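Trainee: When you get a sec, could you give me coordinates for this:
(chains A and B)
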There are 2 protein chains.
Amino acid sequence: MNGKPLVSIVSAGLSKFGKHEGLYARELFSYAAKEAFDHCPNLNPKQDVKAMFIGHMGEAYEHQGHTGSAVADWSGLLGVPATRTEAACASSGAALRSGIYAVLSGLADVVIVGGVEKMTHRSTAEVTEFLAMASDYPFEQFHGITFPGLFALMATAHMNAYGTTQEHMAKVAVKNHHNASLNPKAHLQKEITVEKVLDSKPVAWPFKMYDCSLITDGASCIVLTKPELASKYTDQPVQIIGSGQASDTIGLYERKSLTSLLSTKTAAKTAYDMAALTPQKVQVAEVHDCFTYVELMDYEDLGFCPVGKSGELIDSGETCLGGRLPVNTSGGLKAKGHPVGATGTAQVYEIYLQLTGQADKRQVKDAKVGLTHNVGGSGATATVHLYRSEN
Amino acid sequence: MNGKPLVSIVSAGLSKFGKHEGLYARELFSYAAKEAFDHCPNLNPKQDVKAMFIGHMGEAYEHQGHTGSAVADWSGLLGVPATRTEAACASSGAALRSGIYAVLSGLADVVIVGGVEKMTHRSTAEVTEFLAMASDYPFEQFHGITFPGLFALMATAHMNAYGTTQEHMAKVAVKNHHNASLNPKAHLQKEITVEKVLDSKPVAWPFKMYDCSLITDGASCIVLTKPELASKYTDQPVQIIGSGQASDTIGLYERKSLTSLLSTKTAAKTAYDMAALTPQKVQVAEVHDCFTYVELMDYEDLGFCPVGKSGELIDSGETCLGGRLPVNTSGGLKAKGHPVGATGTAQVYEIYLQLTGQADKRQVKDAKVGLTHNVGGSGATATVHLYRSEN
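Mentor: This is a model prediction of the structure:
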């Protein structure tokens, strides 16, 4: 591979992220689908779309499995082959990967990938339990550890190895809340300060409340096609030029390192090699910040800075809007929100806006190369994708 | 398309179906993977396999999501991109479809598809509730109807429209139990009689206990590659020459007909057209018989007989071993068992054995063309695949 487009993105949609009382997931998804279809008038969805892959993490939230078909029907795509993909919080990253395969197969010229999760009607205790189903039942869940605790173990190891501090982590929250304040679809559109993060109530040391991503309802949707067909649907396609996915042990106890995710590093290498790009070429990135610390680990695993230097990178301001490599311009999982199944393709939505010049107040000037990075569970799955616009 | 091979099956594995006390799903899957790997000595699994798709229906059984990565690790495939697919009881039919896309994409020359479900450690009431999550929550589940009830509604409509009887349904059970008695991996290896079916306790009229498929633990696994690479791994490849998947409304209340599944008919048409085959060319088939009536409906939807004539077809004995078109030679969901996520690729396993002459006492003589048909929920998903051997 040499950076040739794999597939083209010709439209995208995103529901408002936040609380949506009284909607089922299938209804919520239709808002994302409607935006994607409205912005693509030459698309005849029911006729053109040949496959759908829908990331959806938890049956427990709505006591509802078999989400692919239901989502297809409620979006006006009755009959279209529709499969739910699940890889925990990387469920729609996996949907994207599956959709790329489908387009490249030659059997499906237009494919919808997306994701949805309806979470806010459940109590925090219930959501915490449902999310824990992405960790290792016999070795982790059964003993009572939950996701804040698992990632706190990793953060603590990084603090010990490299001197990373709670202030470094707090700065990630401050940056992402600022970005979300510029994003009308973000769940929390308010600025915060380092002090506010540090003074917020503890969740799992070293994480305070403002280090944690949000329990959110949301849906996202991307329309993929072959590069040679893209001009039929848009004059501003975004090309996907690299795709990587990798797995790791589901439990932390068997990992060689707690200060990095092997799955991220493997997926990133695959994607960079396929795109014939180095990390230095990336101009805007949406990375998995389920906890503030995780964004720091991502910087290192994705090659944005040397190992152990992510604290310095956030200190430098280079990942802020206006910096060399703005990260999580959408507000990220931290402030835009983390409707788990929707997150992977919501990241793609932001990169699509950025590379087509539609990101408004948070636009990265002249951005032409983007990256998305989606993590499942505590890193048993990671997907990395690279994007290029030709405009 | 014109019947050219899409992909080749070069190995397959199946765990014993039945009760597996003390095993997690990930452990159970490794038995299927080991058989597939043992029979394919030229395969270096960790090096060659570039993607996995694992059908797994219910997180609730083991309080465990994120199954793809866990299954990969326990099968010696740590690191391989692994995605769970879920389309209710068609979860591994959807895995197969996703795997075909992956091989055809050119990004993954060798792909594992499979499925697993661990069910028997749960009570019948729990399993009934978990399975109901594949139906429509607000319009069906919430009101208390379960899967025996949903399919009973369909059976009743067919009885009313075409004079189909409980005896016709019982004959499906008798046939499939006979076949299972010849299958050492089947859950129930015992013959039954029409009288025994009719005398068994009612579940949901017209279904008696022996009309219902089994709650079973099991796993299945198929190794796919490009046709041009197949000879590296086996001298007996089975070619997949047609693949269809379709969706329908998740709830029954919006369907135009209750006596057939539109998803099956659509998926079958796609697969037959792709393979350039008519139903008359099929020599052995594994079809979705979650209830005895469903096999009768399948005969009509798959074109094995005219609409309304499935009762006559089962009466004729033509779908028995030794008949013109033996159906469910494995014993089917009815008697081999129905570990829901594993069922789709377990059907493929049986066709693989039949088309490579390895089906022993239930071998269909000179079988060269096979079909599998997998249904999700009450028909919101269906997949149909066609196979050909060249030996």
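
Trainee: contacts and neighbour counts: CA atoms only from here.
Mentor: Will do.

Trainee: Just the strands from chain A, written as ranges.
Mentor: A:7-14, A:49-55, A:82-86, A:110-117, A:202-204, A:207-208, A:218-225, A:238-247, A:284-286, A:369-376, A:381-389 (DSSP state E).

Trainee: residues in contact with the residue positioned nearest the centre of chain A?
Mentor: Nearest to the mean C-alpha position of chain A, counting by C-alpha atoms, centre = their mean, stands residue A:344 at 3.2 Å. If you count contacts by C-alpha atoms under 8 Å, 6 or more residues apart in numbering or on different chains, residue A:344 has them with A:89-93, A:96, A:114-115, A:372-374.

Trainee: can you redo those as a markdown table with pLDDT?
Mentor: A markdown table is the format used below for the contacts of residue A:344 (pLDDT from 0 to 100):
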| residue | pLDDT |
| --- | --- |
| A:89 | 98 |
| A:90 | 98 |
| A:91 | 98 |
| A:92 | 98 |
| A:93 | 98 |
| A:96 | 98 |
| A:114 | 98 |
| A:115 | 98 |
| A:372 | 98 |
| A:373 | 98 |
| A:374 | 98 |
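
Trainee: Please compute how far stretch A:215-231 lies from its chain's middle.
Mentor: 13 Å (C-alpha atoms, centre = their mean, to the nearest Å).

Trainee: and it, what's its mean pLDDT?
Mentor: Averaged across stretch A:215-231, the pLDDT comes to 98.

Trainee: Which parts of the stretch 251-391 of chain A are helices?
Mentor: A:262-275, A:292-301, A:310-316, A:332-335, A:343-355 (DSSP state H, counting those that start in this stretch).

Trainee: export those helices to a markdown table and tack on distance to residue B:20 and mean pLDDT?
Mentor: Converted to a markdown table, the helices of the stretch 251-391 of chain A look like this (distance: least, C-alpha to C-alpha, whole Å; pLDDT from 0 to 100):
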| stretch | distance to residue B:20 | mean pLDDT |
| --- | --- | --- |
| helix A:262-275 | 31 | 98 |
| helix A:292-301 | 39 | 98 |
| helix A:310-316 | 47 | 98 |
| helix A:332-335 | 40 | 98 |
| helix A:343-355 | 36 | 98 |
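
Trainee: quick one: which of the ones you listed is nearest residue A:65?
Mentor: helix A:343-355 (18.6 Å; C-alpha to C-alpha).

Trainee: CA atoms of the closest one as CSV?
Mentor: Extracted in CSV, the C-alpha atoms of helix A:343-355 (Å, rounded to 0.1, in the frame of the first residue of the first chain):
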residue,chain,number,x,y,z
THR,A,343,-18.0,7.1,19.7
GLY,A,344,-15.8,5.6,16.9
THR,A,345,-17.8,7.0,14.0
ALA,A,346,-18.5,10.2,15.9
GLN,A,347,-14.7,10.7,15.8
VAL,A,348,-14.8,10.2,12.1
TYR,A,349,-17.6,12.7,11.8
GLU,A,350,-15.4,15.4,13.4
ILE,A,351,-12.5,14.6,11.1
TYR,A,352,-14.9,14.7,8.1
LEU,A,353,-16.0,18.2,9.2
GLN,A,354,-12.4,19.3,9.7
LEU,A,355,-11.1,18.0,6.4
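
Trainee: what's the angle between it and strand A:218-225?
Mentor: Inter-element angle recorded for helix A:343-355 and strand A:218-225: 60 degrees (by axes from the mean of the first three to the mean of the last three C-alpha atoms, to 10 degrees).

Trainee: now helix A:343-355 and strand A:381-389, what's the angle there?
Mentor: Using the same axes, to 10 degrees: helix A:343-355 against strand A:381-389 is 20 degrees.
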